[in-house]
Structure formats: C-alpha cells, structure tokens
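sequence and predicted structure below; questions after.
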Amino acid sequence: MVQKIFIKTFGCQMNEYDSNRIYDSVKKIGFIKTDNYEDANCYLLNTCHIRDKAKDKVYHEIGRVKKIFRSKKKPIVIITGCVAQAENEEMLKREPYIDIIIGPQSYHKINGAILNFKQRKKVEETEFDAVSKFEYLSRINNRSASTSSFLTIQEGCDKFCHFCVVPFTRGPEYSRPFDQILEEAKNLAHQGSKEIILLGQNVNAYNYNGLRLSDLILEIDSLKQIDRIRYTTSHPKDMTDDLIEVYKSSSKLMPLVHLPVQSGSDKILKLMNRKHKIKDYLLIYEKLKKINNNIKFSSDFIIAYPGEDDKDFNDTLNLIKEIKFVNSFSFIFSPRPGTIAENLKLIDRNICVQRLKKVQKQLFEYQYEINSSFENKIINVLVENQTKDKTKLFGRSEYMTSVILDGSQDNIGKTVKAKILRSNHNTLFGKIIKNYDRRVA
Ligand code: SAM
Ligand code: SF4
Ligand code: F3S
C-alpha cells in the first residue's frame, strides 16, 4: 500500500534542500508526498533553531497534529533539522508522541529509522557524519529539480560567532567532493534546471583538496543548459580574490552578492566574534563594483546585539546608506542556548523594536528606489512557475526580486525579456516582450 508523507520545512534554504533529499530517500521505501497532513501516514517536521522560541514552535506543531489525529491512527512523527540536533533525545522524553529524531548529518539513516520504527523501536540519530550523508544522497540521485534548484556543497561552520547556534547544530565545516557536486549539477541540468543555487552555511569557505567555490562556479558555468548561478550564504572573511575575480570570467554568475555584515560597527563585530571589520567589507564591495558596477549587495543584520549603543546603531544605518543594500534581512538579536551570547544583558525591548523599524524603513526605501528604477525598462527574468491563482507567471530578476508577469505557461523554465510596468518594495510587475535564452553580462 502507498504510504503518504507530509513534510513541513522551517528555516534556511539548506533545510529546503534537505527536505527535498529526504523525500528522494523515503520514496525508495514507498512513500509519496501529500500536501494534506490529515491523510499522512508519516508527519515530518524539518526544524530551525536560529531564533526565538524554536523549540516551543515544534511542540506547538505536534500539539496540533495530536488533535487532528485524536480519532485516527497516529502517523509516524519524525523531527529532523537543527532543533532535533540541539535537543536530541530530550525531545523523545518530553513528547512521547514523537517517534524519530534525526539530526541534519544523519539523513542517510532515515529509511532505516522508519523501517525500524515499524518494529516499534523509537530512534534518535544525531551523529555528525556529513561524509556518509552526502555519499548516500549522491547514490540515490537528486530527483527534486525545478527551474531554480538548490545544491548543497558545504555544511557546518567553524567560525563560532557568539550569537549563532549553527556550529552546534550543523557541526564542523565540511566540503563535499568536487566531482560529486558536479555530477549532481549535471543531473539537475538534465532534469531541466536553469538556475543552480549553491548552498552552504559558509558556502565561500568551500575547499575540497584546494578546489574552491570559484572553481565550482566556472565548471557549472560551462554547462550549456544552465543560465544562472548563485551561491549563499557567504562570510566576508572567505570572500577571497579568486571568488571576486570569477565575476569577470563567469557570464552566468548573477550580479547579486549576498554577504551578511550583521552590524556597521567594528565594536559590535568584535563583540560578535565576526572576524571581519567594516573596512574589509567595504574593500570587497569596491573590488566587486570595479569589476561590474551593476553588482548589488544584500545582507543580514542583527539589531540590538548586547552592547550596541546609539553610535553603533547609527554606524549600521550609515553603512546601509553607503552600500544601498537590496533584498536584505534584519532581525532583533535572539539569545540562543549554548552560545557565548546566551546570557548577555539584553537591550530594552522597546529600543530593539524601534531600531529594527528604523533599519527596515531604510532598507525598504532603497529597495523601493531600486525597484522603481526598473519601471519602463526591459529586464531578464527567469520564469519559475505560475502564481498560486494560476492567472500570471512568477519569476525572478537577476537581483532575486520577485517578478509577476503576464504571459503564457510555455515560458516556464525560460529566461525571458520582460518590460516592467510597476513595482512595490518587494515585487516587480510586467509583461513578457520575448523569449530570451541567455543573459548578456
Ligand atoms: N553564515 C552566515 C553568516 O556568517 O553571516 C549566516 C547564516 S545564519 C543561518 C543566517 C542569519 O541568521 C545570520 O546572518 C544572522 O543575521 C541571523 N542570526 C543568527 N543567529 C541569530 C541570533 N541569535 N539572533 C538573531 N539573528 C540571528
Ligand atoms: Fe553562524 Fe555564519 Fe557565524 Fe557560522 S559564520 S557562526 S553560520 S553566523
Ligand atoms: Fe535554521 Fe539550521 Fe538553517 S538553525 S537557519 S535550519 S542551519
């Protein structure tokens, strides 16, 4: 009998990639995906631990499932991802409704865990074993290709920023073998992917026997089916000259550099243990702008980190004014269990909220400015799918901005030329002028 699995994913793109790959795996033991969790035989929650009440969200979600299944046969409940790693067997003790806990480096064991559980054994797997995970995932092939596909090339982090749980939930830095990644990229291209987004918690720290992210980008650039290449998330410290130079030689590398700075104040960067200064960041910016003045930057900001005074905060606002970031993320500092910053004295909540509002207002202003600058212009859009109501097409600009277009379904999977007619701070709206097969740098 066909078994149905419902997968809910929280957190970053790496979790999305993992959820797709978990599905590739459980298909082998007879599961198909359902979007309706009421008829699921297996309920999988792929969790994120980065901010706020991550743990509580998981228990709340399980409470909901319990209610829905009160009068039906209980599904197998699996918790994966970063909360699973951080909490491990504690979760099984606190919530007996959970059957299986699997951390991010143990997904190669998921089929075994499900089959074991069917013999009534609760399972907890939270070893850090990235080698076996990716060897296994490569063997079962990535069948989750879409127009824009994620491809994890690197896992984990050795940098230990004082605010961040990632080194504890994803383990030490690990770079997948170069050829393994290229095989997966070719496979995605054959299945129809046009864009590959290379992923890693520290994607530009990628180093496999001396082969770097720049080498990978150039190899993927030579795949004729691929139109666009992106990578995320980078650390300023690993923005080496070879990677900067690749913006000269790759015609498919998109001109948006997502490079989280976190704060505009050197004092705060030092307290955060970020290992870079603002002058380093500005130097990277200048080098890239010199290569291609159309390159834009996006970033992540942590607002109201303990110790941030008005001057530090203004330094962040000034950096935003200087760089004019697009498509950025900003968050109030959230103390995470087990990190150095866990017990630092928090800034008054009202101040945090006010600072966040100010930063977001500033970011939105530039976002609005850049988006409206595209009005009445013709831009390249990679069409990914239809909008939910199926009346329009959805795609992305080279800067990752959402674009809603009038046009026929035949354009899905193609890079088209589109005229932008109007915009708001996060979306462009327009119509297709003509199909267009390749970006012109
Ligand atoms: N490796 C990336 C880097 O070095 O910038 C960041 C990866 S992290 C998964 C994504 C973002 O979450 C960070 O850039 C940071 O802005 C935010 N973040 C991480 N820990 C946080 C915390 N404790 N409170 C608020 N935001 C946090
Ligand atoms: Fe977290 Fe990124 Fe710092 Fe690593 S480099 S600890 S992933 S913020
Ligand atoms: Fe969250 Fe883990 Fe990603 S904590 S942001 S799912 S690496």
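Structure's in. What do you need? No experiment lies behind these values; they were computed from the predicted model shown. Ligands and ions are numbered 1, 2, ... in the order given.

where does the stretch 151-300 of the chain have low pLDDT?
Under the criterion pLDDT under 70, no range of the stretch 151-300 of the chain is flagged.

would you mind listing what in it touches ligand 3?
165, 166, 169, 170, 201 (CB under 6 Å from any ligand atom). For the C-beta atoms, the positions are set from N, CA and C on the backbone; glycine is no exception.

from the residues you listed, pick the one nearest residue 419.
Residue 419 lies nearest to residue 201 out of those, by CB to CB, at 38.3 Å.

now that closest one. Nearest residue, chain neighbours left out?
Closest residue to residue 201 apart from its sequence neighbours, by CB to CB, 6 or more residues apart in numbering: residue 157 at 4.8 Å.

so that neighbour touches residue 202, yeah?
Yes - assessed by CB atoms under 8 Å, residue 157 is found in contact with residue 202 at 5.2 Å.

number of nearby residues for residue 134?
Residues lying near residue 134 (other CB atoms under 10 Å) number 24.

for residue 310, same thing?
Counted with other CB under 10 Å, the neighbours of residue 310 add up to 9.

just the pLDDT for it.
As summarised for this prediction, residue 310 has a pLDDT of 98.

ok, it to ligand 1 distance?
Using CB to the nearest ligand atom, to the nearest Å, one gets 20 Å for the distance from residue 310 to ligand 1.

list phi and psi for that residue.
phi -60, psi -40 (degrees, to the nearest 10).

any idea whether the residue located most distally from the centre of the chain is helix, strand or coil?
Largest separation from the mean C-alpha position in the chain: residue 71, at 37.2 Å (CA atoms, centre = their mean). Here residue 71 is coil, with the state taken from DSSP: H, G, I helix; E, B strand; the rest coil.

if I pick it, what's in contact with it?
Shown in contact with residue 71 (CB atoms under 8 Å, 6 or more residues apart in numbering): no residues.

distance of it from residue 38?
In this structure, residue 71 and residue 38 are 11 Å apart, going by CB to CB, to the nearest Å.

also residue 213?
Counting by CB to CB, the gap from residue 213 to residue 38 is 43 Å.

host element of residue 355?
In this structure, residue 355 sits in helix 349-373 according to DSSP states H and E.

need the next SSE after that helix, C-terminal direction.
Next along the chain after helix 349-373, taking DSSP H and E as the criterion, comes strand 378-386.

so which elements touch that next one?
Applying 3 or more CB pairs under 8 Å, 6 or more residues apart in numbering; DSSP states H and E, we find strand 378-386 packed against strand 393-396, strand 402-406, strand 415-423, strand 427-435.

re earlier: how many residues are close by the residue nearest to residue 201?
23.

looks to me like it is in a helix.
No - read with three-state DSSP, residue 157 is coil and lies in no helix.

now do the contacts for it.
Contacts of residue 157 (CB under 8 Å, 6+ apart): 164, 166, 167, 170, 172, 173, 201, 202.

just send those back as CSV, with neighbour count and secondary structure too.
Below are those laid out as CSV (neighbours: other CB atoms under 10 Å; DSSP: H, G, I helix; E, B strand; the rest coil):
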residue, neighbour count, secondary structure
164, 21, coil
166, 23, helix
167, 19, helix
170, 25, coil
172, 12, coil
173, 19, coil
201, 23, coil
202, 22, coil
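
redo these as CSV? Include distance to residue 322.
Formatted as CSV, the contacts of residue 157 follow (distance: CB to CB, whole Å):
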residue, distance to residue 322
164, 25
166, 28
167, 30
170, 32
172, 35
173, 31
201, 27
202, 25
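
so which of these comes closest to residue 313?
Closest to residue 313, out of all of the contacts of residue 157 and judged by CB to CB, is residue 164, at 20.3 Å.

domain ranges for this protein, per the record?
As given by automatic domain parsing, the domain ranges for the chain are 3-131, 134-372, 378-435.

what about the first one, near ligand 2?
No - for domain 3-131 and ligand 2, the contact criterion (CB under 6 Å from any ligand atom) is not met; the two come no nearer than 8.5 Å.

how many neighbouring residues does residue 398 have?
Residue 398 has 18 neighbours, counted by other CB under 10 Å.

part of a strand, is residue 109?
No - under three-state DSSP, residue 109 sits outside any strand and is assigned helix.

can you lay out the helices and strands packed on strand 378-386 as JSON lines showing mean pLDDT, distance to residue 282 and mean neighbour count?
As requested, those are exported to JSON lines (pLDDT from 0 to 100; distance: least, CB to CB, whole Å; neighbours: other CB atoms under 10 Å):
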{"stretch": "strand 393-396", "mean pLDDT": "98", "distance to residue 282": "28", "mean neighbour count": "23"}
{"stretch": "strand 402-406", "mean pLDDT": "97", "distance to residue 282": "29", "mean neighbour count": "19"}
{"stretch": "strand 415-423", "mean pLDDT": "96", "distance to residue 282": "29", "mean neighbour count": "19"}
{"stretch": "strand 427-435", "mean pLDDT": "89", "distance to residue 282": "29", "mean neighbour count": "17"}
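
which one of those strands lies closest to ligand 2?
Ligand 2 sits nearest to strand 393-396 of all those, at 24.1 Å, using CB to the nearest ligand atom.

who are the packing partners of that closest one?
strand 378-386, strand 402-406.

partners of it, with directions?
Partners of strand 393-396 in the sheet, by DSSP bridges, are strand 378-386 (antiparallel), strand 402-406 (antiparallel).

list the contacts of it.
The contact list for strand 393-396 (CB under 8 Å, 6+ apart) reads 148, 381-387, 402-407, 409, 411-412, 416, 418, 432.

between the helices and strands packed on strand 393-396, which one is closest to ligand 1.
For the helices and strands packed on strand 393-396, proximity to ligand 1 was assessed by CB to the nearest ligand atom; strand 402-406 is nearest, at 20.3 Å.

what's the distance between the closest one and the middle of its chain?
22 Å (CA atoms, centre = their mean, to the nearest Å).

who has more neighbours, residue 213 and residue 38?
Each of residue 213 and residue 38 has its neighbours counted (other CB under 10 Å); residue 213 has more, 26 against 11.
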